[in-house]
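Trainee: The following comprises the amino acid sequence and a computationally predicted model.
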Amino acid sequence: MKQLVAYITAGFPDVQFSIDVALSLKESGVDTLELGVPFSDPVADGPVIEAANLKALQKGFKLEHLFEISTHVAPQIDTLWMGYFNPFYHRGMDYFIGKARETGVGGFIIPDLPHEEARGYKGMVEGASLHLIDFIAPTHSRERIAMVAKESQKFIYLVAYAGITGSGVAEDLAPTVESIRSVTQTPIYVGFGVDEKSAKEKAKGVDGVIVGSAFVKVLLDEGLTGGQKVSKISALARTIKDVINS
């Protein structure tokens, strides 16, 4: 069965809501949760996730909120922290490793940490039985794809196109997938621009999809009550999970 990874912005609009949404996503067929760490300059994300990041920070998000959410959620669903390198650098990777093990989180997705620099932290992360997810893009050379893929664990985050999340751009990923498959059996999940309309096509030839902006749009919809947001996100997750496995 193809896997569904769901991204939500931690602490938006508040801690309890994040917990409720996360557990509802688990019940709706989501296999892995990406808990986004709010950051003021999320360079890989489009306007939807950027808006949620800024709103969370304006509401007073602290790292302690991330840990509180994770304590309730990670024992129930496979959970990763998705964040930009600045907080990891300033607090120290050893600090985040300790907190991940304490809360039950399985690892990290850090989109602005290049593979070569990530190598300096991988030993620490993997030594703690955690994962640091690797990114591969269709613009990478075959040599780079092979290098990154051979060192990957848990899953490879295949960027659907060169750009930012939520853009919905289409690109032929088959050659990249073929290159990855030739050197590793690590599962491949496609992210960037995946929603209920594009998921079936994006899931072809890979092992799962990563969905972020489609869920966060619902979180940002001020015309919905909290309960309506949970219901709508849950229904969306069920639809995407069905579509990629149909």
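Mentor: Structure's in. What do you need?

Trainee: Surely Met1 is in contact with Asn245?
Mentor: Yes - using CB atoms under 8 Å, Met1 makes contact with Asn245 at a distance of 5.7 Å. In this view, the C-beta of every residue, glycine as well, is placed from N, C-alpha and C.

Trainee: who has more neighbours, these two?
Mentor: Asn245 (14 against 10; other CB atoms under 10 Å).

Trainee: list the buried ones in the lengthiest helix in the chain?
Mentor: Secondary structure of the chain per DSSP state H: the longest helix is helix 226-244. Under the neighbour-count criterion of 16 or more other CB atoms under 10 Å, helix 226-244 has Lys229, Val230, Lys232, Ile233, Ser234, Leu236, Ala237, Arg238, Ile240, Lys241, Val243, Ile244 buried.

Trainee: Dihedrals phi and psi, the nearest residue to the fifth one once chain neighbours are set aside?
Mentor: If I follow you right, that is Ser234. Once flanking residues are discounted, Ser234 sits nearest to Ser28: 4.3 Å by CB to CB, 6 or more residues apart in numbering. Here is the backbone geometry of Ser28 (degrees, to the nearest 10): phi -100, psi 10.

Trainee: Now do the contacts for Ser28.
Mentor: By CB atoms under 8 Å, 6 or more residues apart in numbering, the residues touching Ser28 are Ile233, Ser234, Ala235, Ala237, Arg238, Lys241.

Trainee: Tell me the pLDDT of the residue nearest to the fourth one when sequence neighbours are not counted.
Mentor: Right, the one you point to is Ala237. Spatial nearest neighbour of Ala237, chain neighbours left out: Ser28 (4.0 Å); criterion: CB to CB, 6+ apart. What the model reports as pLDDT for Ser28 is 98.
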